[in-house]
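# Generate a structure from the sequence data that follows.
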Amino acid sequence: MSDAEWEVVRDALPVPGWLEGRGGQPEGYCHRQMLDAVRYLVAGGITWRAMPADFPAWDRVYAFFRRWRDKGWTGELHDRLRDRIREAAGRDTEPTAGIIDAQSVKGASSVPAASRGFDGGKKVNGRKRHIVVDTLGLLLTVMVTAASVTDREAGQRLPARLRERHWRITLVWADGGYTGHLVDLARNVLRIALTVVKRSDDVYGFVVLPKRWLVERTFAWLMRSRRLARDYERRTDTAEAMIRWSMSMVMSRRLARRRH
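The predicted structure follows:
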């Protein structure tokens, strides 16, 4: 990170318990070095053991990553950066509308058979990333499943997870894969209007569809991180953490440019 970007990230870091009198010991490492190491791994797509000598030892960096994943601090940092971008754009920190979509990616040999599957439509053997973004394309929630899980099946759980974290959401745009009883479920149970934006049958070639292009752009942002070019993670929550780290890099760089 540049110094300007570190200023942005440092202000959004979760406050450790020992600073707030909740007990615990002060960390014996530099947060900036650890964050740089994790971001290097996500952006470069290297393995943990291939961590360059300029960073701390790979097992210490992995322990840092694992602790942040398990305690929810990765999501906390990500959400704080997203709130600041929304504020800078003149938006309320709590969105009221979102766009849902899914992306199938190939799974590496390290992905266990219990959490991988085959997507018959995309002809992909691996996992599927289900995400919901706001109207700025910023990530609201993510869920990683086997690629064999259909959009309708994931759509029964993902809006509920979205509702828990963002209570003001009342409208979600989706593609044709989320039709059926899912629309009634979202309206009657979750109080969310699920609006399907369909592609016209008489249109050929690439066409930009209203609202749906926002989530496709977010997938393009994520694919800039080589670690996300395919799924290498043994656990789905680790894959979700990698996605949040990737989006955190996108947002911190944007905030650093705004500040300067």
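# any idea which helix is longest in the chain?
As assigned by DSSP state H, the longest helix anywhere in the chain is helix 236-259.
# can you list the weak-confidence ranges in this protein?
Of all residues in the chain, those with pLDDT under 70 make up the ranges 16-26, 200-207.
# which stretches of it form strands?
Applying DSSP state E to the chain gives strands spanning 97-106, 117-119, 124-133, 139-146, 171-174, 193-196.
# so what's Thr96 closest to, chain neighbours aside?
Nearest residue to Thr96 in three dimensions, chain neighbours excluded: Arg168, at 5.1 Å (Cβ to Cβ, 6 or more residues apart in numbering). Where you see a C-beta, it was placed from the backbone N, CA and C, and this is true even at glycine.
# Hmm, Gly98 and that neighbour touching each other?
No - if you go by Cβ atoms under 8 Å, Arg168 and Gly98 don't touch, sitting 10.5 Å apart.
# circling back: by contact count, what packs against the longest helix of the chain?
Packing partners of helix 236-259 (3 or more Cβ pairs under 8 Å, 6 or more residues apart in numbering; DSSP states H and E): helix 3-12, helix 31-44, helix 58-71, helix 73-88, strand 124-133, strand 139-146, helix 212-222.
# mind giving me a markdown table with these and columns for distance to Tyr178 and mean neighbour count?
Shown next, in a markdown table, are the helices and strands packed on helix 236-259 (distance: least, Cβ to Cβ, whole Å; neighbours: other Cβ atoms under 10 Å):
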| stretch | distance to Tyr178 | mean neighbour count |
| --- | --- | --- |
| helix 3-12 | 32 | 16 |
| helix 31-44 | 29 | 19 |
| helix 58-71 | 28 | 16 |
| helix 73-88 | 23 | 19 |
| strand 124-133 | 10 | 23 |
| strand 139-146 | 14 | 22 |
| helix 212-222 | 11 | 18 |
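# export those to JSON lines and tack on distance to Gln103?
Putting these into JSON lines (distance: least, Cβ to Cβ, whole Å) gives the following:
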{"stretch": "helix 3-12", "distance to Gln103": "26"}
{"stretch": "helix 31-44", "distance to Gln103": "17"}
{"stretch": "helix 58-71", "distance to Gln103": "21"}
{"stretch": "helix 73-88", "distance to Gln103": "18"}
{"stretch": "strand 124-133", "distance to Gln103": "5"}
{"stretch": "strand 139-146", "distance to Gln103": "10"}
{"stretch": "helix 212-222", "distance to Gln103": "5"}
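# wait, which of these is closest to Arg163?
When these are compared by Cβ to Cβ, strand 139-146 sits nearest Arg163, at 9.4 Å.
# and that closest one, how far out from the chain's middle?
Chain-centre distance of strand 139-146: 6 Å, with Cα atoms, centre = their mean, to the nearest Å.
# Output it as CSV, nothing but the C-alphas.
The C-alpha trace of strand 139-146 is given here as CSV (Å, rounded to 0.1, in the frame of the first residue of the first chain):
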residue,chain,number,x,y,z
LEU,A,139,-20.3,-5.8,-2.4
LEU,A,140,-23.1,-6.2,0.2
THR,A,141,-23.0,-10.0,0.9
VAL,A,142,-21.4,-13.1,-0.6
MET,A,143,-22.0,-16.8,-0.4
VAL,A,144,-19.8,-19.5,-2.0
THR,A,145,-21.4,-22.9,-2.8
ALA,A,146,-20.8,-25.9,-5.0
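# and it, which strands flank it?
strand 124-133 (antiparallel) (DSSP bridges).
# Fine by me, we can end here.
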